[in-house]
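K.L.:
3D, please:
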Amino acid sequence: MSQDRVLGSSCHVEMFSIEGPIPIAEFDKFDAERQSEQLVRHPLGLVGEEKQDIYLGYHLTFNHGKVDASLPALMMIHDLAALAGQPNPRFQIIQTIQFADGTIELNTYPDAIIYGFKQAVDSAKSEITENFEGWARTCVRV
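P.N.:
I've put the predicted structure just below:
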């Protein structure tokens with residue numbers, strides 16, 4: 001018996017402030033990849049190797065078509081903070097996935113950092129795309 005596929009997903013970035021989160025952007029494509037490395041050891045007296053999975057957090061990628069100047073303005077604030085020797089601004093990433101049966105999965109990546117901003121223009125007839133990456137220590141499923 002087959003099931004209907006996921007209807008859609010949305011992702012937006014919220015920046016922490018004293019007054020609460022500030023919405024920044026909605027994204028066309030969002031990927032979250034759990035990262036880890038394996039520690040391989042061969043204990044004395046045992047046959048074969050043992051592995052341990054070392055958790056390294058989540059690598060995040062964001063892609064969207066340019067709709068306004070909010071993302072470059074955010075990156076400029078980010079750059080100015082870095083040039084002034086201030087710590088990286090922290091963000092909260094929220095991903096919402098709606099299933100065919102109406103249930104919703106909500107993933108939150110708290111205390112994330114972003115980096116690697118890229119703006120691309122292919123031709124006069126194509127849209128301008130903006131991409132960047134991020135990292136979060138954890139994913140919290142709400």
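
K.L.:
can you pull the contacts of the most centrally placed residue in the chain?
P.N.:
In the chain, the C-alpha nearest the mean C-alpha coordinate belongs to L60, at 3.2 Å (C-alpha atoms, centre = their mean). Counting by C-beta atoms under 8 Å, 6 or more residues apart in numbering, L60 makes contact with F30, D31, A32, E33, I93, Y109, A112, I114, E133, G134, W135, A136. Heads up, the C-betas are built off the backbone N, CA and C, glycines and all.

K.L.:
Sheet partners, orientation included, of the longest strand seen in the chain?
P.N.:
For the chain, the strand with the greatest residue count under DSSP state E is strand 104-121. Looking at strand 104-121 with DSSP bridges, its partner strands are strand 91-98 (antiparallel), strand 128-136 (antiparallel), strand 140-141 (antiparallel).

K.L.:
Make a markdown table out of those and add mean neighbour count.
P.N.:
Below are the strands paired with strand 104-121 laid out as a markdown table (neighbours: other C-beta atoms under 10 Å):
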| stretch | mean neighbour count |
| --- | --- |
| strand 91-98 | 18 |
| strand 128-136 | 18 |
| strand 140-141 | 10 |
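
K.L.:
Least confident of the ones you listed, on average?
P.N.:
Per-segment mean pLDDT for these reaches its minimum on strand 91-98, at a mean of 86.

K.L.:
For T129, give the beta-bridge partners.
P.N.:
Here T129 sits in beta bridges with G65, A120, going by DSSP bridges.

K.L.:
likewise S9?
P.N.:
I97.

K.L.:
Pretty sure it sits against F99.
P.N.:
No. S9 is beyond contact range of F99, at 10.2 Å (criterion: C-beta atoms under 8 Å).
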